[in-house]
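Asks: Here's my sequence, what's the structure:
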Amino acid sequence: MNLKKKALPLLVGAVALPALLLGPTGSASAATNRSDACGTNACGSATLSFQSAYKTSVNMSVKDPYCNGYNGYIHLKVWHTDGTYTYTTKRYDTTGGNACDGLYTSYNGLSWTDSKRISRIEARVGDDSGWSLVGNSVDNPYT
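Replies: The predicted structure is shown next:
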């Protein structure tokens, strides 16, 4: 699915322990795909463009459809080829200061660089009540 030709709400960027670089990324590689996670308390997606075994650019978006008083968020679950994983920083639905307006908050132009080889990445949505849901896996074609 070629996402470059579609205008889609894009999801949350990430900050993490290894090395998360925020800012515009270089040209997108052909290895672009999307992870979606949508449940009662939060809905979001992450579009990933892998550039190597260690790096991907990221666009994310999230909305809080439930309005239960807990803020909806999105972040990434980054799996490594050695079977370990890490989570990136949570990005919250803050559209217009009202997390319950039905609109997506977008986090675009981010990138993730890891010290370990990345095998796959999954979007993870949740809210501050402890509820969460993991989306489909996007495999890294470089590993």
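Asks: what bridges to the spatially most central residue of the chain?
Replies: Against the mean C-alpha coordinate of the chain, by C-alpha atoms, centre = their mean, the closest residue is residue 46 at 3.8 Å. Beta-bridge pairing for residue 46 (DSSP bridges): residue 35, residue 60.
Asks: my guess is it contacts residue 58, does it?
Replies: Yes. When contacts are counted by C-beta atoms under 8 Å, residue 46 is listed as touching residue 58 (6.0 Å). Just so you know, the C-beta spots here come from the backbone N, C-alpha and C atoms, and that holds for glycine as well.
Asks: still on that earlier bit, report the separation between the residue nearest to the centre of the chain and residue 67.
Replies: To residue 67, residue 46 is 23 Å away according to C-beta to C-beta, to the nearest Å.
Asks: and what of residue 35?
Replies: 25 Å.
Asks: And the two? Which one has more around it.
Replies: residue 35 (24 against 13; other C-beta atoms under 10 Å).
Asks: these two touch, right, residue 64 and residue 41?
Replies: Yes. The pair residue 64 / residue 41 is scored as a contact, 7.2 Å apart, by C-beta under 8 Å.
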